[in-house]
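Undergrad: this one's structure only:
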C-alpha cells in the first residue's frame, strides 16, 4: 500500500542551516516582532508545523517489540512507524534555543517557579539575550517541546527515568522532594486557562508526559506554583486554518494535515466498518486495525490514513470550547463529533486514541489519548471535570474499563475510545528502533490499582508543607549548557540521540 510523504519535511531545518552556513544570523531570521519567519511545509503557510513526537520504539499492549509489525499484522501503523518533522534545535550560545521546525525561540533554562498570575505578569518585563518580546507560551506552543521517547517516572524514585523533553537542549527538574513536593511535580505554566470556570490552567508535565488542567490554588492553601519557560517568535503558532473540502475531509492549511470529518462513532452509525457494537469505540489494538480496514476500503478515496500521533491530534483541540461553556466538544464545529453519556450521566464527548504509546519504567501498557470532552475524575465521592476538555492523558491499551480509574484524582479510564484518522502529515518508515520485548513484572495486574494510586492530588503536599514561594531564577546566560566540544557524540543524530536502526 502506497504511503504519502509530507512535502518538504526538512525544508525549515535545511533553509535555517543554509542561512547559518552562509553567514546569515539565525536569530536575525527569527527576529520579527509580529512572528517568526517560517517556510512553506507540505504546501501550507508553515505557520503551525507539527514537531514529530520522536517515539522510536513500537509496542504491543504490554511491551516494546523486537521488530516492528508489518502491514496486516496486529499493532501495525503506530507512531514510531511514521516520520514527521523531526525535532531540530539550535543552541544559540546565549541561553536561548531555536526550534527550526516551529520558528519558536525558547529560554534554555527557566525563570524559577511562579504562580500563574506571576508568570503572566512577569513576561511583560522579561528581558533576556537581548530580546524584550518574550511571552508565556500557549499550551500548543509548550506542547511542541514534548518528546515521547520519555518514560513516565516511578512514584518514589526518578532513577533511570527519561523526561519528556530533550535535556540536551533544555534544563529540566523533577519535583523537589526535600521541599515536600512529589517527584512528578514538574508542571510547566502556559497562558491557556480552561474556559470552563477559569480557575484551571492547562500545563504540560514533562516528568509524566501529560497535559492537565491544573487548579490555580494549592490544596494546602495559597496559590500553586509552576515552572516557567518563556518563548518568543512565530506568534501564529497554534492557530488552525480549517477548510471543509466537501468530500468528508477537512484540511488544516496551517499544519498541512487532512482529517476525516467524521470520527469512528459517526462512521459506525452510518453503516461503516467501525466497531458498531460498541458505538465506534475500541481498544488500542482495534483502533490500529480499524485504520487498516479504512485504507483497504479506500475510505473517502484515500488509502493512506493513519492513527494520528499525540501532537497531531492535540493540534486540533479548540481551547475556546468545552462541554460546559459551548455545549460541545473542544474542537471546531467543522468536525462531526460523537456524543456520549459519561460516567456521571451527563451529555459529553469522548476520548480519542493516538498512535503514541505512553511508555513508563513499567512498560508500554498505556497509550496516549486526547479528551475532547470532560477530563473526568472521581474525587470526594463525586465526578469532577478534574483535568478539562483538551487534556492529554493515557489509558490502558486493553482490559476491562471497570477495572481502572483508581488514581489519586480518580481519572476516568475507558479503554474503549474513539478514532479520528488523518493523512498527509508524515511518511511511513520501516526504519524503527528495536525494543527488548519485555515489560516490567512490577506493573500492577489488571484490577489491582494504577501506578498513580496513593499519590496525593496535584499540588497536595504529602507532609502538609506549603510549596516554596518560587524558585531561584538562573542568571542570564547561565543555561548549564554543555561546554564547547561536548555536543553530540559520534554515532548520534543532531540532537545527541542514537539513530533509528
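TA: That came in fine, so what should we check first? This is a predicted model, so every value here is computed, not measured. Numbers count the residues shown, from 1 in each chain.

Undergrad: How far does stretch 186-205 sit from its chain's centre?
TA: From the chain centre to the centre of stretch 186-205 is a distance of 14 Å (CA atoms, centre = their mean, to the nearest Å).

Undergrad: any idea how far residue 329 is from residue 226?
TA: The spacing between residue 226 and residue 329, counted by CB to CB, to the nearest Å, is 27 Å. C-beta: built from backbone N, CA, C; applies to glycine.

Undergrad: should've said residue 239
TA: For residue 239, the distance to residue 329 - CB to CB - is 19 Å.

Undergrad: Mind checking which of these two has more residues around it?
TA: Taking neighbours as other CB atoms under 10 Å, residue 239 and residue 329 compare with residue 329 leading, 28 against 11.

Undergrad: ok, so what distance separates that one from residue 160?
TA: Counting by CB to CB, the gap from residue 329 to residue 160 is 38 Å.

Undergrad: What of residue 190?
TA: Distance of residue 190 to residue 160, given as CB to CB: 29 Å.

Undergrad: which of those two has more neighbours?
TA: residue 190 (28 against 9).

Undergrad: and the more buried one, that's in a helix?
TA: No: according to DSSP: H, G, I helix; E, B strand; the rest coil, residue 190 belongs to no helix; its state is coil.

Undergrad: measure it to residue 138 for me?
TA: Here residue 190 is placed at a distance of 6 Å from residue 138 (CB to CB).

Undergrad: Over to residue 314?
TA: 12 Å.

Undergrad: Tell me the secondary structure of residue 290, please.
TA: Of the three states, residue 290 takes helix according to three-state DSSP.

Undergrad: my guess is it contacts residue 419, does it?
TA: Yes: with contact defined as CB atoms under 8 Å, residue 290 counts as touching residue 419 (5.9 Å).

Undergrad: wait, isn't residue 119 in contact with residue 228?
TA: Yes: counting by CB under 8 Å, residue 228 is a contact partner of residue 119 at 4.6 Å.

Undergrad: what touches both of these two?
TA: By CB atoms under 8 Å, 6 or more residues apart in numbering, residue 119 and residue 228 have these common neighbours: 111, 136, 189.

Undergrad: Now that we have those residues, can you turn them into a markdown table and tack on neighbour count, distance to residue 96 and pLDDT?
TA: Below are the shared contacts of residue 119 and residue 228 laid out as a markdown table (neighbours: other CB atoms under 10 Å; distance: CB to CB, whole Å; pLDDT from 0 to 100):
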| residue | neighbour count | distance to residue 96 | pLDDT |
| --- | --- | --- | --- |
| 111 | 24 | 13 | 97 |
| 136 | 24 | 16 | 98 |
| 189 | 30 | 18 | 98 |
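
Undergrad: Of those residues, which is the nearest to residue 255?
TA: Minimum distance to residue 255 across the shared contacts of residue 119 and residue 228 is 22.7 Å, recorded for residue 136 (CB to CB).

Undergrad: quick one: that closest one from residue 115, how far?
TA: Distance of residue 136 to residue 115, computed by CB to CB: 12 Å.

Undergrad: one step back: who's more crowded, residue 314 and residue 138?
TA: Counted by other CB under 10 Å, residue 314 and residue 138 do not tie: residue 314 has more neighbours, with 22 against 19.

Undergrad: what's near enough to touch the more buried one?
TA: Neighbouring residues of residue 314 by CB under 8 Å, 6+ apart: 140, 143, 211, 370, 392.

Undergrad: Just the ones of those residues in strands?
TA: With strands taken from DSSP state E, the overlap with these comprises 211, 370, 392.

Undergrad: Kindly indicate which of those residues lies nearest residue 64.
TA: Of the ones in strands among the contacts of residue 314, the one sitting nearest to residue 64 (CB to CB) turns out to be residue 392, at 21.1 Å.

Undergrad: Mind listing the residues bridging to the nearest residue in space to the closest one that is not next to it in sequence?
TA: Among residues not flanking residue 392 along the chain, residue 211 sits closest, at 4.0 Å (CB to CB, 6 or more residues apart in numbering). Beta-bridge partners for residue 211, by DSSP bridges, are residue 204, residue 392.

Undergrad: This completes my enquiry, with thanks.
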